[in-house]
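Novice: Fold the stuff below for me.
(chains A and B)
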Amino acid sequence: NAGVTQTPKFRVLKTGQSMTLLCAQDMNHEYMYWYRQDPGMGLRLIHYSVGEGTTAKGEVPDGYNVSRLKKQNFLLGLESAAPSQTSVYFCASSSGLAGRGEQYFGPGTRLTVT
Amino acid sequence: QQQVKQSPQSLIVQKGGISIINCAYENTAFDYFPWYQQFPGKGPALLIAIRPDVSEKKEGRFTISFNKSAKQFSLHIMDSQPGDSATYFCAASTTGTALIFGKGTTLSVSS
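Specialist: Numbers count the residues shown, from 1 in each chain, chains lettered A, B, ... in the order given. Here you go, the predicted model:
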């Protein structure tokens, strides 16, 4: 099993460009999450999904959109990238929400917006 | 607002020493308290977790101590090893909600 995979691993964008980050999991998990990690800020939840076709806002959703068209995939989109979105993005999945299933994290995507 | 406060931000411990990382929370409805470990260039991974019905949980060299009245919980790493050098995150949640993470502690264990 590959677990949680993220594509791409690294990306550099210019301000105003758009891109989509792809997360895939092969554990048949219902729940998927997107976090961003910034120095000294910890992990902050952007959006999450409790099942195929559902999405919900997390702590820092502005400037991002997500889609969960297939159970195994969770896409994070940046429509118009800003330097403030320079960060490391982590995807995670779990069989249940907190306390009902361990969250498994992907290896991360390092995004730089110039 | 920051609902889970973690300290210290960084920690240096001698090999064989005890590493202690503390977290405090405000929401008394929190009922799940995990710790995640993250090595450089990797995603976080669950290390150990506790629920408020017990005051302590131990797994090998790692122990969570929980003080419900003080709304605090801590991670103790006994006999710290260089391989324990990583960033540690505490987290908390209520039933059926997403985790809220602390800001992290970077642990360096010197040999």
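Novice: Give the closest residue to residue 101 in space, chain neighbours not counted.
Specialist: All of this refers to chain A. residue A:95 (3.5 Å; C-beta to C-beta, 6 or more residues apart in numbering or on different chains). Yep, even glycine has a C-beta here, placed from its N, CA and C like the rest.
Novice: ah, I was thinking of chain B
Specialist: Residue nearest to residue B:101 in three dimensions, not counting chain neighbours: residue A:43, with 4.2 Å by C-beta to C-beta, 6+ apart.
Novice: try residue A:29
Specialist: Distance criterion C-beta to C-beta, 6+ apart; nearest residue to residue A:29, sequence neighbours excluded, is residue A:93 at 3.9 Å.
Novice: Report the beta-bridge partners for that neighbour.
Specialist: residue A:32, residue A:104 (DSSP bridges).
Novice: Counting neighbours, what do you get for it?
Specialist: 28 (other C-beta atoms under 10 Å in any protein chain shown).
Novice: same question, residue B:47
Specialist: Neighbour tally, residue B:47, other C-beta under 10 Å: 18.
Novice: do the same with the one 10 residues further on
Specialist: Number of residues near residue B:57 (other C-beta under 10 Å) recorded here: 16.
Novice: Verify the contact between residue A:45 and residue B:97 for me.
Specialist: No - look at residue A:45 against residue B:97 with C-beta atoms under 8 Å: they stay out of range, at 10.1 Å.
Novice: more neighbours, these two?
Specialist: Each of residue A:45 and residue B:97 has its neighbours counted (other C-beta under 10 Å); residue A:45 has more, 20 against 16.
Novice: What backbone torsions are found at the more buried one?
Specialist: phi -80, psi 130 (degrees, to the nearest 10).
Novice: Likewise for residue B:62?
Specialist: Dihedral angles (degrees, to the nearest 10) for residue B:62: phi -110, psi 130.
Novice: Let me see the contact set for residue B:18.
Specialist: Listed by C-beta atoms under 8 Å, 6 or more residues apart in numbering or on different chains, the contact partners of residue B:18 are B:76-80.
Novice: measure the residue nearest to residue B:101 to residue B:102 for me?
Specialist: According to C-beta to C-beta, to the nearest Å, residue A:43 and residue B:102 sit 9 Å apart.
Novice: joint contacts of the two?
Specialist: Common neighbours of residue A:43 and residue B:102 (criterion: C-beta under 8 Å, 6+ apart): residue B:89.
Novice: tell me how far the ends of stretch A:101-112 are from each other?
Specialist: Length of stretch A:101-112, first residue to last, C-alpha to C-alpha, to the nearest Å: 32 Å.
Novice: Low-confidence ranges, chain A, go.
Specialist: Of all residues in chain A, those with pLDDT under 70 make up the ranges A:98-99.
Novice: What parts of it come near chain B?
Specialist: Applying C-beta under 8 Å from any C-beta of the partner chain, we find that chain A lies next to chain B at A:4, A:33, A:40-45, A:48, A:58-59, A:90, A:92, A:97-100, A:102-108.
Novice: Contact partners for the spatially most central residue of chain A?
Specialist: In chain A, the C-alpha nearest the mean C-alpha coordinate belongs to residue A:34, at 2.7 Å (C-alpha atoms, centre = their mean). The contact partners of residue A:34, by C-beta under 8 Å, 6+ apart, come to A:21, A:23, A:45-48, A:58, A:64, A:66, A:74, A:76, A:89-91.
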